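Engineer: Sequence first, predicted model second:
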Amino acid sequence: MVRTMNNRAARRWPLFLLLVAGLAATACAPLADRIGAAAPDAPTPEVSGVVEAPAAESGIQPGFPAPGHLAVLADDGNLYLVERGRPPQAVTVDAGSLDDGATIIYNHPSWSPSGWLSYVRIEAQNPSDVHFDLLAEKPGVTPPQTLLSIDDAIYVYGAWSPVSCADSEPCSRFAYLVNDQNQLALHLVTLGEDGNIIAEDRVVGRAAPFYYSWSPDGSEMLWFRHDAELVVYNVDADEIVRRLDTQPGRFMTPAWPPVDSRFLVAARSDGANELAVIDGDIITPLGERYAGYAFFGWSPDGQRIAYTHGGDPLAPVIVVEADGTGRRVLDAVEDVVAFFWSPDGTKIAVVSLVPALEPMPMAGSASVRARLARQGKNPLDFEFQWSVIDVETGEAVMLARFLPTASQWYMFKYFAQYERSHSVWSPDSRYIVYADYEHQTNRNIVYLVDTEQPQSPPIKVMDGELGVFSFGE
């Protein structure tokens, strides 16, 4: 049977597809709460290469100002590439409703430092008949490679190695989690710079929950499994080479810094939780004991650590030197939802909750209101706000208010992972990308906000669910 598609039909997806597309959360924690109205997640093409986007239909604005490459999950269900000085390019073209009743959407775009772009193609007839393909390509350079094709599991999250393979021919490694029955399976695949698969996809570990962080040279990963075990896995040896004696505290994702062999974790000590830097056999507590979970990230030069803790919302961001000195509370922004270091390490972008300036019909998520109530907050209407904090001075500048789309909210909810693997910052540390659900028009729109001109209105990129910057220009 010949199957045809209708891209216009992709603009409002069946609810079960939206839930499936967002199930990345189930691998690490409960299903992320939905904030705002959801549009499609991202798509990929049946043919290689990129094509010019239908600008008028997608609401694309000319004059994209940022360096680097921006991958956008558009409202038509496809994945687009937006760059300065050229029209947006459609990386995928086959999203939509097929004549046999199936629906295709794309999701989970991830950039490697060397320019690989991975993404997931989801094809579904109904909630019990869903097929996933994980693909990767260098847009406009190599054709898409299928890394995994599966019916009975769900892609959760992926992170590329920070550098090309050590002690071998140039290559890129991609580690990703798949929700496989009652556990998370960590897959690993290696791609050559010519686009060929050097090492076929294989499962290297299983656990629930399962979090991991790459070493700076890409040869090892720090795993946090079952909320109870910290181990180091060596990629070339394909085995666990070290088990940390530290008793884990309450946190989600361990952090290997960008520059050396230290680990940042939360440790349990005398019945309390505290952050600790592990350097060989030396454990350096960072001094503060905390309640709730901790969420943390290294500065790009590995000299500082930013962290927050608590429930929803979180405490103000704290910055401390890696040796535990110089602790400063960046309390200009409270009720924190997520934070992201700028690539140059001088600023931290913070998402927080603020009272709404007008009624927010879609802000009434029962679970979000319940969490706020448990924290003693009056569960009235609220919205989200971007701020940028100067790390040296602690001064904060408010940038934009918004309601995140479903995909954007998912990234915020698990920002401790995404802060390292998916960049909201442009490579020059000037622009921040975000996806806003505009309840007045029932549209999802991807915007840029200029941190150097905070009084300027956000710059519309195109209608869409999520935008992710590449790491280089």
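Structural biologist: Right, received. Where do you want to start? For clarity, every value in this text was computed on a predicted model and none was experimentally measured.

Engineer: Arg250 contacts Asn273, correct?
Structural biologist: Yes: contact criterion C-beta atoms under 8 Å: Arg250 and Asn273 qualify, at 5.1 Å. (Glycine included, C-beta is placed from N, CA and C.)

Engineer: Neighbour count for these two, which is higher?
Structural biologist: Taking other C-beta atoms under 10 Å, Arg250 and Asn273 do not tie; Asn273 has more neighbours (21 against 15).

Engineer: Which positions in the helix or strand that that one is a member of come out as buried?
Structural biologist: Using DSSP states H and E, Asn273 maps to strand 272-279. Going by neighbour count (16 or more other C-beta atoms under 10 Å), the buried part of strand 272-279 is 273-278.

Engineer: Low-confidence bits of this protein, can you list those?
Structural biologist: Residue ranges of the chain with pLDDT under 70: 1-62, 166-168, 359-380.

Engineer: before we move on, what SS does the spatially most central residue of it have?
Structural biologist: Centroid-nearest residue in the chain: Tyr418, 3.4 Å away (criterion: C-alpha atoms, centre = their mean). Judged by DSSP: H, G, I helix; E, B strand; the rest coil, the three-state class of Tyr418 is helix.

Engineer: Skipping its backbone neighbours, what lies nearest it in space?
Structural biologist: Met411 (4.8 Å; C-beta to C-beta, 6 or more residues apart in numbering).

Engineer: how many neighbours does Pro285 have?
Structural biologist: By other C-beta under 10 Å, 13 other residues sit near Pro285.

Engineer: same for the strand holding Asn273, what does it pack against?
Structural biologist: strand 263-269, strand 282-290, strand 293-298, strand 304-310 (3 or more C-beta pairs under 8 Å, 6 or more residues apart in numbering; DSSP states H and E).

Engineer: Show me the common contact partners of Arg250 and Asn273, please.
Structural biologist: 266, 294 (C-beta atoms under 8 Å, 6 or more residues apart in numbering).

Engineer: related to what we said a few turns ago, quick one: contacts of the strand holding Asn273?
Structural biologist: By C-beta under 8 Å, 6+ apart, the residues outside strand 272-279 that reach it are 244, 246, 249-251, 261-267, 283-291, 294, 296, 305, 307, 322-324.

Engineer: ok, now stretch 226-236?
Structural biologist: Under C-beta under 8 Å, 6+ apart, the answer for stretch 226-236 is 167, 173, 188, 204-205, 207-209, 212, 218-225, 239-244, 246, 248, 254, 263, 265.

Engineer: how far out from the middle of the chain is it?
Structural biologist: How far stretch 226-236 lies from its chain's middle: 21 Å, per C-alpha atoms, centre = their mean, to the nearest Å.

Engineer: what comes up buried for it?
Structural biologist: Quick answer for stretch 226-236 (16+ other C-beta under 10 Å): 230-233, 235.

Engineer: ditto for stretch 190-200
Structural biologist: For stretch 190-200, by 16+ other C-beta under 10 Å, it's 190-193, 195, 198.

Engineer: Would you mind listing the two of those residues that lie farthest apart?
Structural biologist: Farthest apart among the buried residues of stretch 190-200 by C-beta to C-beta are Thr190 and Gly195. That separation is 12.2 Å.

Engineer: joint contacts of the two?
Structural biologist: With C-beta under 8 Å, 6+ apart, Thr190 and Gly195 have no common neighbours.

Engineer: and Arg304, what does it touch?
Structural biologist: Counting by C-beta under 8 Å, 6+ apart, Arg304 has contacts 298, 319-322, 345, 391.

Engineer: Adding secondary structure, write the residues you listed out as JSON lines.
Structural biologist: What follows is the contacts of Arg304, written out as JSON lines (three-state DSSP):
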{"residue": "Trp298", "secondary structure": "strand"}
{"residue": "Val319", "secondary structure": "strand"}
{"residue": "Val320", "secondary structure": "strand"}
{"residue": "Glu321", "secondary structure": "strand"}
{"residue": "Ala322", "secondary structure": "coil"}
{"residue": "Gly345", "secondary structure": "coil"}
{"residue": "Val391", "secondary structure": "coil"}
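
Engineer: Buried ones among these?
Structural biologist: Buried among the contacts of Arg304 (16+ other C-beta under 10 Å): 298, 319-320, 322, 345, 391.

Engineer: Using TSV, lay out the buried residues of stretch 190-200 together with secondary structure.
Structural biologist: Below are the buried residues of stretch 190-200 laid out as TSV (three-state DSSP):
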residue	secondary structure
Thr190	strand
Leu191	strand
Gly192	strand
Glu193	coil
Gly195	coil
Ile198	strand
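
Engineer: Same list (those) but as TSV, adding distance to Ser407.
Structural biologist: Formatted as TSV, the buried residues of stretch 190-200 follow (distance: C-beta to C-beta, whole Å):
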residue	distance to Ser407
Thr190	28
Leu191	25
Gly192	30
Glu193	29
Gly195	27
Ile198	31
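
Engineer: Give the helix, strand or coil label for Thr253.
Structural biologist: Thr253 ends up coil, using three-state DSSP.

Engineer: pretty sure it is in contact with Pro209, am I right?
Structural biologist: No: in this structure Thr253 lies outside contact range of Pro209 using C-beta under 8 Å: 9.8 Å.

Engineer: any common contacting residues for those two?
Structural biologist: Phe224.

Engineer: mind listing the helices for the stretch 1-150 of the chain?
Structural biologist: 15-21, 24-28, 55-58 (DSSP state H, counting those that start in this stretch).

Engineer: hang on, Pro162 is in a helix, isn't it?
Structural biologist: No: counting by three-state DSSP, Pro162 is not found in a helix; it is coil.

Engineer: Need the nearest residue in space to Gln408, chain neighbours excluded.
Structural biologist: Ala435 (4.2 Å).

Engineer: picking up where we left off before, including distance to Ala153, could the buried residues of stretch 226-236 go into CSV?
Structural biologist: Shown next, in CSV, are the buried residues of stretch 226-236 (distance: C-beta to C-beta, whole Å):
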residue, distance to Ala153
Leu230, 26
Val231, 23
Val232, 26
Tyr233, 21
Val235, 22
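
Engineer: out of these, who's nearest Gln145?
Structural biologist: Distances from Gln145 to these, taken by C-beta to C-beta, are shortest for Val235, at 19.2 Å.

Engineer: Distance-wise, check that closest one relative to Ala66.
Structural biologist: Going from Val235 to Ala66 by C-beta to C-beta, to the nearest Å gives 33 Å.

Engineer: cool, and Thr103?
Structural biologist: From Thr103 over to Ala66 (counting by C-beta to C-beta), the distance is 32 Å.

Engineer: for Phe382, same thing?
Structural biologist: Taking C-beta to C-beta as the measure, Phe382 and Ala66 are separated by 29 Å.

Engineer: Quick one: the helices in the stretch 301-450 of the chain, in order.
Structural biologist: With DSSP H, counting those that start in this stretch, the ranges of helices along the stretch 301-450 of the chain come out as 366-374, 406-413, 415-421.

Engineer: residues contacting Val468?
Structural biologist: Val468 makes contact with 70-71, 109-111, 422-424, 433, according to C-beta under 8 Å, 6+ apart.

Engineer: So which of these sit within strands?
Structural biologist: Judged by DSSP state E, the contacts of Val468 include 70-71, 109-111, 433 as members of strands.
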